[in-house]
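Trainee: I would like the atomic coordinates for the input below:
(2 chains)
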Amino acid sequence: MTGLFSAVFLSALLFGAVTAAIPLLLAGLGEQMSEKAGVLNIGIEGMLLAGAYLGFVGAFYSGSLWLGFVTGAAGGAAVALIMALLCVRIGLNQIVIGIALTLGLEGLTALLHHFQFSRSYPRLPAADATVIPLLSDIPVIGPAFFKHHLIVYLAVALVFGMGYLYRRTQLGLNLQAAGDKPAALDVAGIDVIKTRTIAVLTTGALAGLGGAYLANVGAGLFIPFITNGAGFLGIVLAMLARGRPVWVLFGALLFGVCLSLTTAMQVAGINIPTDVIQMLPFLAVMIMLVLFGRRASLPAALGIPYERGAR
Amino acid sequence: MSIDTAPTVSATALDATSGAATRRDILHRLLMTLGPILAALVIAGCILLAVGVDPLAYYGYVLEKGLFSPLGIQQTLTRMAPLLFLAAGLIVAFRAGMWNLGGDGQFLLGAVTAAASAPVFVQIMPFWLALTCSFLIAVVVAMIWSLVPALLRAYQGVNEIITTLMMTFLGTSLANVLVKLVFRDPGTTVPQTRTLPVEDRLPRLFDTTITSGLLLGLAAIIIVHLVMTRTAFGLKLRIVGANPRAAVHAGLGVPGLTTAVFAISAGLAGLAGAVDIIGVQGNVRADWNPAYGLAVIPAVFLARMNGFAAIGFVFLLSVLSIGGESAARRLGVPNHFTLVLVSIVLIVLALAEYVDHRYNQSRKA
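Mentor: Residues are numbered from 1 along each chain as shown, chains lettered A, B, ... in the order given. The predicted model follows:
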C-alpha cells in the first residue's frame, strides 16, 4: 500500500515539476535569444505577466485554450515591442526600461484583475491532456511526462528547434553577431537593429506563451503577481546555460522539481517552511558555481545599445 | 557606464559668465525633470480614466498626502531613509561597473539581523551602543552575503548579475526562514521577530514623526558621492568601472577593489534594512519584502549615479509611494496603481533624457 502511494506520489511530483518548468523554460529560451543578440531583457517578468493576464482573458472569454495561448503570446510581444522601440531602436538604458516595464505590468495586470475578476475569481476548466500512447503506460514516468497538454511537447521540441536555429541557420549566426560584434554585422550589410528587434519580439512572444501556460494550464486562473519571479529565474537560467538551449531545459526541470516539491510538502503537511525548499535550487546552482565557477560566456556587446558610427 | 561629466560642469563654473550659465543649467534640468513627470501624470491619468477613476481627485490626494499635509510629508521623508541607503550602495556598485542586483536580499538580511539583535542589545547595553552594535551586525551580515558573488566575480570572472540575482532569491527565503524558525517572537501567533519598543528606536527629529534615519541616509549618500567623485579611492573604482583591463595595466588591484565594492554596496543595503527596522518598523514580519531595490535601481540610473540627483529621485519615489497608498485607499483603487505610475514616470524620464541629448547633439553639430 505504501509502495503504491509513493509511486503515485512520485509521478504526481514529477508531473508538477514539468508543469512548473514550462514557464521557466519558455522564459529562459526567450531571454537566451535576447541575450545572444545583445539585449539584456530585464523586462521579461513583465512580459510573462502580460502573457498570463491576456492569455487568461483570451481563454476565459473565448473558451478556447489555444486562443488563450495566442493572446498571451501577443501580449508578451506587445510589451516586447515597447522594449524594442525604446531600447533597441533609440537605445535607452535596458535596465531602466526593463525594470520599469516589469513594475508597470505588475501594477497594470493587478489593477485590471481587481476591476474584472476580484469579486468572482473565475477559474478555467482543467486543460485537456494529450496522452502519448504506449509511453504513457510506463509506470511512474508515463503519467509524469507523457500526459501533458500538447503545448508542453511543443515547448520541449522548441528547445531542439532553437539549437538548430543557432547552429545551422543564417539568422542564428546573425543573432550571435548582433550580440558579439554588432559593428561587424552592420558592415556585412545586415541590419543590427532589425536583428535585435526580431530577437526581442521573439522573447516577448515566448515569455507571453509561458505566462499564458502558467495561468491557464498551471493554475487555471489569474491572480496578481502570479509569476512570482519566474522571469528573473528565466534570466538566471539563460545566463547559466551559456547559450545552449538544452541547458535551459535541464535548469528549468531542476527548478521545476524544487517548486513542485514545495507544493507537495504543503499537501503532505510536512512542517518545514516552504522557504527552505525554495532555497534548494539556488543553493545547488551557487555551489556548482563556486566549485566549477568558470567565466560566463556572455556576448561581448550585452546591454550596450548599438549606434551606427559610434565609438 | 562611463566616468561622469562632473569635471566639465565644474570647468564651466570657472567661466566669467558662470552665474547666468549655471542658473540656466539648473532651470533647464528642472524643466527636463518636471516636464516629463507632468507628461507621465497625464498618461497615467488616461489609464485612471479608463478604469473609471477621476485622475484629478487621485493626483489631488497623492499631492495632499505625499507632499502638502504635515503628517504626509513626514511619512514621505521617513520613507526616504532606507531608499537613500540603497541608492548610495547602488551608486558605488554601478560607478564601479558592478551590477549589484541583489539589493533586496541584502536589505532583508540586514533588516532581520537588526530586528533580532536590537531588542536583545537594548536590555544589556546603553541605548546608543546597542543601536550601533545592531547596525554593525546588519552591515557585516549583508557584507558576508555579498562575499560569494564578489569573490566569484573577482577571481573567477563569474557574471555578477546571475550570482547577485540568485543570492537575492536565497536571501529573501533565508530571511523568512530566520523569522519563522530562529528569531520568532514566542509571544505572538503571527510569525514575526520581537518588537523593538518605540522608545528604543532611532529618535525622531524634533517634534515630528520623521525618523533621524533620514539624516543618516542623506549623510551616507553625500559621503558616497564625494568619495566617488573627489577621492583617489573613488577614482580607482571608476577606472575599474570604465575599463577593468586598463585598470589592471594601471597597476590597480582589481580583485581587491571588486570585493571592496561589493562589500560597501551590500553593507549600505544592509544598513538600509537596519534603518527601516530600528527607525520605523520595529520588527520583521514573515514574508515581508517591500522590494525597494527594484524601484531604486532605475532611479539611480536616471540620476546618472549622481548622489545629489539621486536624492531628488528618491524623494519623488517616496512622494509617489506614500501619496499613492493614501489616494488608492480613499478612492477604492488597488494600491498597485502606484507601480504603474512609477513605471510610466521612469520611462518618460528616460525618453526625455534621450530627446534632450539628441537636441544638444544636433545643436553642437
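Trainee: what residues are up against residue 220?
Mentor: In the absence of a named chain, chain A is used. Applying CB atoms under 8 Å, 6 or more residues apart in numbering or on different chains to residue A:220 gives the contacts A:123-127. Where C-beta positions appear, they are placed from N, C-alpha and C, glycine not excepted.
Trainee: please go with chain B instead
Mentor: Residues in contact with residue B:220, defined by CB under 8 Å, 6+ apart, are B:84-85, B:88, B:268, B:271.
Trainee: Derive a PyMOL selection command for the buried subset of the contacts of residue A:220.
Mentor: Applying 16 or more other CB atoms under 10 Å in any protein chain shown to these, the buried members can be selected in PyMOL as follows:
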select buried, chain A and resi 124+127
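Trainee: Can you lay out the contacts of residue A:220 as CSV showing pLDDT and secondary structure?
Mentor: Below are the contacts of residue A:220 laid out as CSV (pLDDT from 0 to 100; DSSP: H, G, I helix; E, B strand; the rest coil):
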residue, pLDDT, secondary structure
A:123, 83, coil
A:124, 81, coil
A:125, 81, coil
A:126, 77, coil
A:127, 75, coil
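Trainee: Redo the contacts of residue A:220 as CSV? Include distance to residue B:309.
Mentor: Written out in CSV, the entries for the contacts of residue A:220 read as follows (distance: CB to CB, whole Å):
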residue, distance to residue B:309
A:123, 48
A:124, 47
A:125, 53
A:126, 53
A:127, 50
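Trainee: Go through the contacts of residue A:220 and name the one nearest chain B.
Mentor: Within those, distances to chain B taken as CB to the nearest CB reach their minimum at residue A:123, with 20.8 Å.
Trainee: Which positions in the stretch 201-350 of chain B make contact with chain A?
Mentor: Those residues of the stretch 201-350 of chain B that sit near chain A, judged by CB under 8 Å from any CB of the partner chain, are B:294-295, B:297-298, B:301-302, B:333-334, B:336-344, B:346-347, B:350.
Trainee: if you set the cut-off to 6 Å instead, what comes out?
Mentor: Applying CB under 6 Å from any CB of the partner chain, one finds that the stretch 201-350 of chain B approaches chain A through B:294, B:297-298, B:301, B:334, B:336-337, B:339-340, B:342-343, B:346-347, B:350.
Trainee: Which ones among those lie within helices?
Mentor: Secondary structure from DSSP state H places B:294, B:297-298, B:301, B:337, B:339-340, B:342-343, B:346-347, B:350 of those in helices.
Trainee: if we can go back for a sec, can you put the contacts of residue A:220 in TSV and add distance to chain B?
Mentor: Conversion of the contacts of residue A:220 to TSV gives the following (distance: CB to the nearest CB, whole Å):
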residue	distance to chain B
A:123	21
A:124	23
A:125	28
A:126	29
A:127	28
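Trainee: quick one, what contacts the nearest residue to residue A:132 once chain neighbours are set aside?
Mentor: Closest residue in space to residue A:132, ignoring its immediate chain neighbours: residue A:146 at 4.2 Å, by CB to CB, 6 or more residues apart in numbering or on different chains. Contacts of residue A:146 were listed using CB atoms under 6 Å, 6 or more residues apart in numbering or on different chains, and they are A:132, A:135-136.
Trainee: and what of residue B:360?
Mentor: Residue B:360 makes contact with no residue, according to CB under 6 Å, 6+ apart.
Trainee: ok, the residue in the stretch 1-150 of chain B positioned nearest to chain A - contacts?
Mentor: For the stretch 1-150 of chain B, the residue closest to chain A is residue B:51, as judged by CB to the nearest CB, at 5.5 Å. For residue B:51, the contact set (CB under 6 Å, 6+ apart) comprises residue A:115.
Trainee: Need the phi and psi values for it.
Mentor: phi -90, psi 10 (degrees, to the nearest 10).
Trainee: just residue A:169 next, same as before
Mentor: Backbone torsions of residue A:169, given as degrees, to the nearest 10, read phi -120, psi 160.
Trainee: State the number of residues packed around it.
Mentor: Other residues within reach of residue A:169, judged by other CB atoms under 10 Å in any protein chain shown, total 11.
Trainee: residue ranges of the helices in the stretch 1-150 of chain B, please?
Mentor: Secondary structure of the stretch 1-150 of chain B by DSSP state H, counting those that start in this stretch: the helices cover B:6-13, B:18-50, B:55-63, B:70-95, B:103-124, B:127-151.
Trainee: List the buried residues in the longest one.
Mentor: When you say that, I think you mean helix B:18-50. Burial within helix B:18-50, assessed by neighbour count using 16+ other CB under 10 Å, is assigned to B:33, B:36-37, B:39-41, B:44-45, B:47-48.
Trainee: Could you list the residues of the stretch 51-200 of chain A in contact with chain B?
Mentor: Going by CB under 6 Å from any CB, the residues of the stretch 51-200 of chain A near chain B are A:90, A:92-93, A:96, A:99-100, A:103-104, A:106-108, A:110-111, A:114-115.
Trainee: Which of those residues fall in helices?
Mentor: Checked against DSSP H, these include these in helices: A:96, A:99-100, A:103-104, A:106-108, A:110-111, A:114-115.
Trainee: Nearest residue to residue A:16 in space, ignoring adjacent ones along the chain?
Mentor: The spatially closest residue to residue A:16, leaving aside those adjacent along the chain, is residue A:260, at 3.4 Å (CB to CB, 6+ apart).
Trainee: Same question for residue B:285.
Mentor: residue B:192 (4.3 Å).
Trainee: count of residues packed around the one you found?
Mentor: Each residue near residue B:192 was counted by other CB under 10 Å, and the total is 22.
Trainee: just how off-centre is stretch A:255-275 within its chain?
Mentor: Its chain's average C-alpha position is 21 Å from that of stretch A:255-275, according to CA atoms, centre = their mean, to the nearest Å.
Trainee: Give the ranges of residues in the stretch 251-365 of chain B that sit below the confidence cut-off.
Mentor: Across the stretch 251-365 of chain B, the ranges flagged by pLDDT under 70 are B:365.
Trainee: all helices for it, in order.
Mentor: Going by DSSP H, counting those that start in this stretch, the stretch 251-365 of chain B shows helices at B:254-275, B:292-302, B:307-331, B:337-364.
Trainee: And for chain A?
Mentor: A:2-36, A:44-62, A:65-83, A:94-116, A:141-145, A:150-168, A:170-180, A:182-187, A:192-213, A:230-240, A:245-268, A:274-292.
Trainee: and for the shortest one, what are the contacting residues?
Mentor: Translated: helix A:141-145. The contact list for helix A:141-145, computed with CB under 6 Å, 6+ apart, reads A:11, A:14-15, A:136.
Trainee: Check these and tell me the two furthest apart.
Mentor: By the measure CB to CB, A:14 and A:136 form the most distant pair in the contacts of helix A:141-145, at 12.9 Å.
Trainee: How about the residues of the stretch 51-200 of chain B by chain A?
Mentor: Residues of the stretch 51-200 of chain B lying close to chain A (CB under 6 Å from any CB) are B:51, B:152, B:156-159, B:162, B:165-166, B:169-170, B:173, B:176-177, B:180.
Trainee: Quick check: the farthest pair among the residues of the stretch 201-350 of chain B next to chain A?
Mentor: When those are compared pair by pair using CB to CB, the two farthest from each other are B:301 and B:334, 27.6 Å apart.
Trainee: right, and residue B:109 touches residue B:171 too?
Mentor: Yes - counting by CB atoms under 6 Å, residue B:109 touches residue B:171, with 5.3 Å between them.
Trainee: Now the common contact residues for these two.
Mentor: residue B:145.
Trainee: out of the ones in helices among the residues of the stretch 51-200 of chain A next to chain B, which are buried?
Mentor: Among those, the ones that count as buried (16+ other CB under 10 Å) are A:96, A:99-100, A:103-104, A:106-108, A:110-111, A:114.
Trainee: Going by distance to residue B:225, which of those residues wins?
Mentor: Nearest to residue B:225 out of those is residue A:96 (CB to CB; 19.8 Å).
Trainee: ok, now which ones touch that closest one?
Mentor: Under the criterion of CB under 6 Å, 6+ apart, the contact partners of residue A:96 comprise B:298, B:301, B:350.
Trainee: Between those residues, identify the one with the most neighbours.
Mentor: By neighbour count, taken as other CB under 10 Å, the most surrounded of the contacts of residue A:96 turns out to be residue B:298 (28 neighbours).
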